[in-house]
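*Asks:* Got a sequence here, can you build the structure:
(2 chains)
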Amino acid sequence: MTSTKQLDPAVCNVKVMPGAVVCFEADYVGDITIGTRTVIHPKARIIAEAGPIIIGEANLIEEQAQIINRLPPGQEAGDGVQVMVIGNHNVFEVDSYCQATNVGDNNVLEAKSHVGPGVELTRGVVVGSLCSITCPQVIPENSVIYGDEFHQRSQSEKPAAQGLQLDFLTKILPNYHHLIKPKKKPPP
Amino acid sequence: MAHLFQVDRVRLLCSCGLLKPITAIYFCRHCLKLRCGNCVSHEVDTLFCPNCLENMPSTEARLKKNRCANCFDCPSCGHTLSTRATSVQAPCPEDANKTVTRKVYYLACTSCRWTSRDVGLSDQTVATGGWAEQDNEHYKYLQSLLEHYRSVGQREKMERERKRSSYRKSSYLSLSEKYSLPSMLGRKSFTPFSSLSSKGDSSVSSEMTPFEAFEEVEGLPDNIFTEEVFLSSVTSMEQRMASPEWQPSETGSLYPLHKHILVKRSLRCRYCEHNLSKPEYNPSSIKFKIQLGAFYHVPEVRMVHQAELKYDVETRVQISLCNPTPHDMTLALLPFVPEAFCLSQQKSEEPADGGSLNTSSLVRVVEIPVEKDVVQLTADVTLPQGQLVLSARDDTAEYDDQDSNANYKDDPQVVAWRRANKVGVNLMVKPKQGAQRASVGFVLRYDYTNTVATATESRTVTLNIPVVVDVGPIVE
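*Replies:* Residues are numbered from 1 along each chain as shown, chains lettered A, B, ... in the order given. Purely as a prediction, here's the structure:
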């Protein structure tokens, strides 16, 4: 056991806030900021090619989930960088894929769902398992996309936050995985 | 093996003239003929809810409109609803200032996340039941219609009986009259009652006023043209039709639907009246008491290699034959002429058909419309001459090391390989011009060892089963 495992600073720059559980075994590329109480499982992929990714508080990013900030093919990086912002209390379930540049709060991307570039998830959106949204659009609040024909309906309330699950994972994951420690602030 | 999931590639010609894959065909051990879902009688054994697996007598099922009382389907997507528990703060009954946490239950759909709170159904304090039912505004009208038609039916029945008693000696012979005892008893006790009520009936039927057809209908409300439509709040056609009594037009008024109950049914041969398939009574059991599937009795034919086929070019195609029975089997492939076969089959079936009508005691024989698949063979096939021997099925064979193939003197031109109870056979297929896919036919002639205990004749019978194989697409 070597505790000297380090992320390659040439590949990525991961800023972890205190209280977040960020597994070392996940793939990180580029400039990534991870908010407090967020849990990132091993084997998740967070790729910030086109610009930084800022992940808010109490998000749950499960195995094989992909969060990618990438310019569409053929588009040159023009004026400024494209910043991807993910709000609070979002759940990215197993093998979900997210390229939405703007993700609000309390969204759920169920297993194997696919959200393409140019899509904006507002708040309380549920993308059902195996559902894919690729057309650039703003998904209205509390919508649910489900079924093999991607039906859309709106819900009366936002999906419940995963508080208990996050608490459990924060307790369990450090026992079996290497974590990326939050950087100590240099004393003022 | 390549076509394990394409059972339609090899189809057998059922005795009724339909082509079906072996998985959809039964083999009647008593008639020694193939039967399929089209030519057997279906009987309902058990009614049960597919979710809670509780069975229900048929009278109760009719009262509940063939729906389960406790299980619900999502009105939005049709998925089964699950009960979810949550705790709420409620004022304490003793002390108004204190609150206690109470457990409440609501219904939620795991697929589309619809909840019973969406329609304003209040949460329940018990896990099952207690859900408020929607009232049907047409209930009274429907009830009176039912009453009316019942009385009409009763009157017609009486008239028929009066007629029947006057023509008692007529040649008309109804099965139900001849055999069913309850109907005889029922009629005797019923007659005085129905004659009394017949006076009342006429008054009931006169009360019903038929609807009149109007030339003009009311126009649409004005706001339908001005108000914006939110597609997410309008129900889809499927959602409306799922509850025919209410047909809600807005998603806000979708109420949970009681789950439809299913049946377990048994199949019976129409000619010898033996059961071909009988499931176990218990709804949670998936076993059968009797299951005479063709795949237990008829050698299974499978396509092995997909060959590239060209018009008018003879190509070697491999099929495999598998013996599912615990007896050795001698087998031959004969040419298949569809027209001739259909004719001979009709002749052989006709006398049996008439005979069964007279001897039938319990089964009500309903004439089935004659359905026939047009068998079109789009390729010529050269079949191997001579006989093949298939060894009996032996579950331990795969653990055997020694090769038993040496016992069989096979022509290497015909038999490609041999493994336990399976044999690979080469056929030469020559597609005809103008077809997209090549299909070949042959008659499987094999010696079937009869397993019925009462069989007095010789135990082995030679059977002919016509088989049609879809060999594959033809390349230009």
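
*Asks:* and B:Leu331, which of the three is it?
*Replies:* strand (DSSP: H, G, I helix; E, B strand; the rest coil).

*Asks:* same deal with B:Pro50?
*Replies:* coil.

*Asks:* How about B:Pro244?
*Replies:* Quick answer, by three-state DSSP: B:Pro244 is coil.

*Asks:* That one: neighbour count?
*Replies:* 7 (other CB atoms under 10 Å in any protein chain shown). C-beta coordinates here come from the backbone N, C-alpha and C atoms, glycine included.

*Asks:* before we move on, what about B:Pro384?
*Replies:* Residues near B:Pro384, counting by other CB under 10 Å: 17.

*Asks:* doesn't B:Val423 make contact with it?
*Replies:* No - B:Pro384 is not in contact with B:Val423 according to CB atoms under 8 Å; the separation is 10.8 Å.

*Asks:* so how far is B:Gln143 from B:Asn136?
*Replies:* As defined by CB to CB, to the nearest Å, B:Asn136 lies at a distance of 10 Å from B:Gln143.

*Asks:* Mutual contacts of those two, please.
*Replies:* Residues touching both B:Asn136 and B:Gln143 (CB atoms under 8 Å, 6 or more residues apart in numbering or on different chains): none.

*Asks:* List the beta-bridge partners for the closest residue to A:Leu60 other than its chain neighbours.
*Replies:* Nearest non-adjacent residue to A:Leu60, counting by CB to CB, 6 or more residues apart in numbering or on different chains: A:Val91, 4.7 Å away. Assessed by DSSP bridges, A:Val91 has beta-bridge partners A:Leu60, A:Val108.

*Asks:* and residue 46, what is it in contact with?
*Replies:* The chain I'm using is chain A. A:26-29, A:32, A:40, A:53, A:55, A:61, A:66-68.

*Asks:* Not quite, go with chain B.
*Replies:* B:55, B:263-264, B:279, B:281, B:283.

*Asks:* Look at it and tell me its secondary structure.
*Replies:* Criterion first, three-state DSSP; result for B:Thr46: strand.

*Asks:* Now do it, the pLDDT please.
*Replies:* pLDDT for B:Thr46: 92.

*Asks:* Could you measure from it over to B:Ala438?
*Replies:* On the measure of CB to CB, B:Thr46 and B:Ala438 end up 45 Å apart.

*Asks:* One more: B:Cys74?
*Replies:* For B:Cys74, the distance to B:Ala438 - CB to CB - is 46 Å.

*Asks:* Repeat that for A:Asp167.
*Replies:* Distance of A:Asp167 to B:Ala438, computed by CB to CB: 64 Å.

*Asks:* Who has more neighbours out of these two?
*Replies:* Each of A:Asp167 and B:Ala438 has its neighbours counted (other CB under 10 Å); B:Ala438 has more, 26 against 12.

*Asks:* Just list the residues touching that one, thanks.
*Replies:* B:309, B:378-379, B:429, B:431, B:470-474.

*Asks:* of all those residues, which comes closest to B:Gln247?
*Replies:* Of all the contacts of B:Ala438, B:Asp470 has the smallest distance to B:Gln247: 44.1 Å, by CB to CB.

*Asks:* Could you check the pLDDT of that closest one?
*Replies:* 89.

*Asks:* again, but for the one 4 residues further on
*Replies:* B:Ile474 carries a pLDDT score of 87 in this model.

*Asks:* how far away is it from B:Thr382?
*Replies:* 17 Å.

*Asks:* Compare these two and say which one has the larger neighbour count.
*Replies:* B:Ile474 (22 against 14).

*Asks:* picking that back up, from the contacts of B:Ala438, list just the buried residues.
*Replies:* Buried subset of those (neighbour count, 16 or more other CB atoms under 10 Å in any protein chain shown): B:309, B:378-379, B:429, B:431, B:470-472, B:474.
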